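Participant: Please work out how this folds:
(one chain, ligands or ions: 1)
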Amino acid sequence: MSLEGKVALVTGASRGIGAATAKLLAGHGAAVGVNYARSEQAAKAVVDGIVSAGGKAIMVQADVRARDMVASMVKTIGDRLGPIDILVLNAGAKVPLKFFMDMSYGEFENKVMGELAGFFHPLQEVIPGMIQRGKGCIIGISSGLSRYPGLKFSAHTTAKSGVDGLMKSLALELGPHGIRVNTVAPGLTITDATSWMPKEQMDAVGKATPLGRVALPEDVAGVVLALVSEAAGFVSGAYVPVSGGQQMT
Ligand SMILES: NC(=O)c1ccc[n+]([C@@H]2O[C@H](COP(=O)([O-])OP(=O)(O)OC[C@H]3O[C@@H](n4cnc5c(N)ncnc54)[C@H](OP(=O)(O)O)[C@@H]3O)[C@@H](O)[C@H]2O)c1
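Facilitator: The predicted model follows:
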């Protein structure tokens with residue numbers, strides 16, 4: 001699973017699943033662009049950790065919903081690390097935890113369009129270079145909720161269903177250019193994003209999971225590594241749940 005000589009961009013890599021993914025890819029030899037929006041100190045800690053372990057990484061600030069910021073981030077990575085071989089679309093928009101009829105259109109739009117904009121802009125900035133070089137690997141971080149809805153998650157499920165559709169469409173369009181596109185769908189994962197959840201609820205999900213626990217960010221990162229490695233060189237258009245067997249699909 002060596003990624004020696006490869007350059008990766010992981011969006012939303014200052015915390016949670018993105019941070020674990022950036023560290024794991026760097027640990028396997030990739031030079032990594034650690035994207036963050038606001039958490040500069042957290043992003044610096046991720047980069048420092050990678051560098052002190054002998055890896056290569058830089059921090060790159062950009063709100064992935066803003067095209068000009070994304071364009072300058074991709075240019076910075078190109079100039080400092082080289083052209084991007086691996087794009088991990090991990091940054092998502094905040095989830096409005098509400099019943100549909102309690103949600104404003106603004107909340108729905110921020111989630112659905114914000115999430116998809118954060119995929120659209122990095123994709124459009126990175127894909128041309130991949131096409132030019134005839135190779136590349138793209139991972140979209142979705143969610144088990146894209147296929148199995150949960151109460152008060154309608155906007156999230158809508159956004160992540162959009163992610164799934166976009167990834168499958170790109171696997172079709174980009175396959176002839178040697179570019180693989182896959183979707184990773186985490187189940188409930190212990191991160192800042194789920195810190196609102198009462199422990200009892202977290203434990204109940206773990207108990208209802210065949211492998212007996214909820215996910216850690218490293219569980220998701222491991223699947224991203226496997227999919228971007230040459231070992232998965234003939235896998236494209238796949239949707240891989242990381243749910244300890246809770247989601248079987
Ligand atoms: N945790 C779960 O249970 C779970 C389950 C299924 C799917 N997922 C998906 O996994 C992904 C990561 O979730 P997480 O739980 O790891 O989240 P998290 O711990 O809250 O971390 C979110 C990361 O995304 C970054 N980010 C947010 N908005 C951004 C923007 N507009 N531009 C650039 N970066 C941005 C944050 O950067 P700053 O710190 O700089 O703001 C942070 O690094 C999301 O797509 C989420 O939907 C999570």
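
Participant: Residue numbers of this protein in contact with the ligand?
Facilitator: 11-18, 35-39, 42, 63-65, 90-92, 118, 141, 143, 186, 188-189, 191-194 (CB under 6 Å from any ligand atom). C-beta: built from backbone N, CA, C; applies to glycine.

Participant: Which entries within those meet the buried criterion?
Facilitator: Among the residues of the chain next to the ligand, the ones that count as buried by 16 or more other CB atoms under 10 Å are 11-18, 35-37, 39, 42, 63-65, 90-92, 118, 141, 143, 186, 188-189, 191, 194.

Participant: Could I get the pLDDT score of the residue most central in space within the chain?
Facilitator: The chain has residue 90 as the residue nearest its centroid, 2.1 Å off, counting by CA atoms, centre = their mean. On pLDDT, residue 90 comes in at 98.

Participant: what do you get for residue 214?
Facilitator: Note on residue 214: pLDDT of 98.

Participant: Can you give me every residue that contacts it?
Facilitator: Residue 214 sits next to 187, 188, 189, 190, 202, 205, 206, 244 when contact means CB atoms under 8 Å, 6 or more residues apart in numbering.

Participant: so what's the last one scoring on pLDDT?
Facilitator: When you say that, I think you mean residue 244. pLDDT, residue 244: 98.

Participant: Isn't it up against residue 207?
Facilitator: No. Counting by CB atoms under 8 Å, residue 244 does not reach residue 207; the two are 11.1 Å apart.

Participant: Of these two, give the one with the bigger neighbour count.
Facilitator: Legend: neighbour count by other CB atoms under 10 Å for residue 244 and residue 207, higher for residue 244 (19 against 10).

Participant: Can you pull the phi and psi angles for the more buried one?
Facilitator: Residue 244 adopts backbone torsions of phi 60, psi 20, taken as degrees, to the nearest 10.

Participant: and if you look at residue 118?
Facilitator: Backbone geometry at residue 118, expressed as degrees, to the nearest 10, gives phi -70, psi -10.
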